[in-house]
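**Student:** Got a predicted structure plus its sequence, pasted below:
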Amino acid sequence: MFQNILYYKKCQSGKDHVRTLINKNSELTLTQIRKLISPSVRFELREIVVWVKEILNRACLWRWEITRLPKRSDRKYEIVYAGRKSHQEFAKVLLGIDGNGNGDATQVVNDISRQTVLVSEAPIPGALKVPSFLRLIIPIEQKTIEVIMGDIEDKLRRIIRNRRGGYHIQQVLDRATLDRAIQELLEPYASARHGASAAQIAPAVIHEIAQNIGRLDLVLKEDEILGCILGCAVTKAKKRYWSLMRCGYSEAVFSDSSRLREANAINFFLALEWAINNGFDYYDMGTCLGRPEDGLFQWKKRWGGLADTMGNHSFYYVRLPRTGAAQFLWDVPLFSSEGKDLTLHLGLPDGKTDEDFSLRYREMNRGMGIGGLFKIYLHCTKLPSEKLIGALSSHYAHQKSPPIVESIVSP
């Protein structure tokens, strides 16, 4: 019996050894195969995988619902949502809608009229293809930091120039310090911003990024740790992007709005400076909501970046009402993708003056306007004045490729 036990242990030991060799050989093979594929092709393959997953998830029609979304009581148009129930809340956020959806599905379908806005997760003929997320990307190839600083909004530029001294970054590689950064900087700040709905990155993923495919830097002022930056390199079409993934701050910083404003500006600048010094072609400031009036989007816009749908495969299809499109877009301006181009749709309803238009979109067009647009569509009930078109175009005149402004007249 004792000999049988020894024989069994030897066999098990042999099997374990074989398994170990197979696993090691598999890892080596995968690593070798990965090296044979260029970074640009790997990026495209990852994009295809994400796109296929998104399409398959949308195809689960048993998870869909049709419901009426809330609207302002003084508006004639109705908003109907058709898509996954779990994605209704995000659609409302994208459209800037508060409140709960309501209405029996059959009744909602029967009530669809010329004044109905239809929001769907499936393509609709003639609908706007509204991206869920956008990135703000700054071209930095063969540019000095001084040239790029010239494109940053004046107020932000002053903060950076006046407060930059004393700040520096320190790369983190050891596991213990990474865990501390996760627990004391990244996770608390995400929870403070988004509460229970915060999308936390798994610690294992952060370790992989920081130690292998990117880096995590502590941001210090003198010797005090104020925050951290998590980023990674991406290669697309043979161009190298330094992509900012997440920022974190200590509670002492994010609980003080003045300190957070300064630290946030310096944080983004330090990442930009690092990308320039290390020969990257673009600085990707990370994702934000694909909504023109989103606060984070507006803040990133001040850096002079170009709005881009890179990496986004989630879209909502918004069919404008046949009557009242100008009013709806006055309330809810929207981005839309046309092939590889990004467009902006604004509204000018009946009764609104040129001054009203200027005040309504003042924040959106402030400073340098929105970079990266191919066209701006102005939906109106009658042709706008040349003065209004000229004022709108002037916000974009400094851009290398300013967007085309086109008026669309509808009831």
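**Tutor:** Cool, got the structure.
**Student:** show me where the stretch 101-250 of the chain has helices.
**Tutor:** Assigned by DSSP state H, counting those that start in this stretch, the stretch 101-250 of the chain shows helices spanning 105-110, 145-149, 154-163, 175-181, 187-194, 203-208.
**Student:** what pairs with the residue nearest the centre of the chain across the strands?
**Tutor:** The residue lying closest to the centre of the chain (Cα atoms, centre = their mean) is Thr287, at 2.2 Å. Per DSSP bridges, the residues bridged to Thr287 are Arg135.
**Student:** residue contacts, it?
**Tutor:** For Thr287, the contacting residues are Phe133, Leu134, Arg135, Gly311, Asn312, by Cβ atoms under 8 Å, 6 or more residues apart in numbering. Every C-beta, even on glycine, is put in place using the N, C-alpha and C of the backbone.
**Student:** now, the most widely separated pair of the residues you listed?
**Tutor:** Farthest-apart pair in the contacts of Thr287 is Leu134 and Gly311; separation 9.7 Å (Cβ to Cβ).
**Student:** Tell me how far His379 lies from Pro321.
**Tutor:** 11 Å (Cβ to Cβ, to the nearest Å).
**Student:** same question, Gly311
**Tutor:** 31 Å.
**Student:** Please identify which of those two sits among more neighbours.
**Tutor:** Pro321 (22 against 18; other Cβ atoms under 10 Å).
**Student:** Low-confidence ranges, the stretch 301-411 of the chain, go.
**Tutor:** 367-368 (pLDDT under 70).
**Student:** quick one: the helices in it?
**Tutor:** 325-331, 354-360, 362-365, 386-394.
**Student:** Restricting to C-alpha, output stretch 377-385 in PDB.
**Tutor:** C-alpha atoms of stretch 377-385 as PDB (Å, rounded to 0.1, in the frame of the first residue of the first chain):
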ATOM      1  CA  TYR A 377     -26.000  72.000 -37.900                       C
ATOM      2  CA  LEU A 378     -28.300  74.900 -36.800                       C
ATOM      3  CA  HIS A 379     -31.900  73.700 -36.700                       C
ATOM      4  CA  CYS A 380     -34.300  76.600 -36.900                       C
ATOM      5  CA  THR A 381     -37.900  77.500 -37.900                       C
ATOM      6  CA  LYS A 382     -36.600  80.200 -40.300                       C
ATOM      7  CA  LEU A 383     -33.200  81.200 -41.800                       C
ATOM      8  CA  PRO A 384     -31.000  82.800 -39.100                       C
ATOM      9  CA  SER A 385     -29.400  86.200 -39.600                       C
END
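**Student:** what's around Leu373, how many residues?
**Tutor:** 21.
**Student:** got a list of what the nearest residue to it once chain neighbours are set aside touches?
**Tutor:** Excluding the flanking residues, the one nearest Leu373 by Cβ to Cβ, 6 or more residues apart in numbering is Pro403, at 4.0 Å. Contacts were defined as Cβ under 8 Å, 6+ apart; by that measure Pro403 touches Thr343, Leu344, Leu373, Phe374, Lys375, Ile376, Tyr396.
**Student:** Let me see the backbone angles for Pro403.
**Tutor:** For Pro403, the backbone dihedrals (degrees, to the nearest 10) come out as phi -70, psi 150.
**Student:** quick check: domain ranges of this structure?
**Tutor:** 61-132+311-409, 141-280 (automatic domain parsing).
**Student:** For these, give me TSV that also has distance to Lys300.
**Tutor:** Formatted as TSV, those follow (distance: least, Cβ to Cβ, whole Å):
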stretch	distance to Lys300
domain 61-132+311-409	10
domain 141-280	8
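**Student:** In this protein, where is pLDDT below threshold?
**Tutor:** Residues of the chain that meet the cut-off, pLDDT under 70, sit at 1-36, 43, 99-113, 367-368.
**Student:** Can you list the strands that the longest strand anywhere in it pairs with?
**Tutor:** When the chain is parsed with DSSP state E, its longest strand is strand 224-236. Using DSSP bridges, strand 224-236 pairs in its sheet with strand 214-221 (antiparallel), strand 239-249 (antiparallel).
**Student:** out of the helices of the stretch 101-250 of the chain, which comes closest to Tyr249?
**Tutor:** Closest among the helices of the stretch 101-250 of the chain, using Cβ to Cβ: helix 187-194, at 4.8 Å.
**Student:** and that closest one, which residues are buried?
**Tutor:** Neighbour-count burial for helix 187-194 flags Glu187, Pro188, Tyr189, Ala190 (criterion: 16 or more other Cβ atoms under 10 Å).
**Student:** Tell me the helices and strands packed up against it.
**Tutor:** Applying 3 or more Cβ pairs under 8 Å, 6 or more residues apart in numbering; DSSP states H and E, one finds that helix 187-194 contacts strand 239-249, helix 251-254.
**Student:** which residues are contacting the following helix or strand past the shortest one?
**Tutor:** For helix 251-254, the succeeding helix or strand toward the C-terminus, using DSSP states H and E, is helix 257-277. With contacts defined as Cβ under 8 Å, 6+ apart, helix 257-277 is touched by 138, 140, 143-145, 148, 156, 159-160, 163-164, 167-169, 217, 219, 226-227, 229, 231, 242, 244, 247, 249, 252-254, 282-283, 285, 303.
**Student:** and what of stretch 170-181?
**Tutor:** Outside stretch 170-181, the residues touching it (Cβ under 8 Å, 6+ apart) are Pro203, Ile206, His207, Ala210, Gln211, Arg215, Leu216, Asp217, Leu218, Leu220, Cys228, Gly248.
**Student:** Now tabulate those residues in a markdown table and tack on neighbour count and distance to Lys85.
**Tutor:** Converted to a markdown table, the contacts of stretch 170-181 look like this (neighbours: other Cβ atoms under 10 Å; distance: Cβ to Cβ, whole Å):
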| residue | neighbour count | distance to Lys85 |
| --- | --- | --- |
| Pro203 | 15 | 31 |
| Ile206 | 22 | 31 |
| His207 | 16 | 35 |
| Ala210 | 25 | 37 |
| Gln211 | 15 | 39 |
| Arg215 | 19 | 39 |
| Leu216 | 28 | 37 |
| Asp217 | 21 | 40 |
| Leu218 | 19 | 42 |
| Leu220 | 16 | 46 |
| Cys228 | 29 | 36 |
| Gly248 | 25 | 33 |
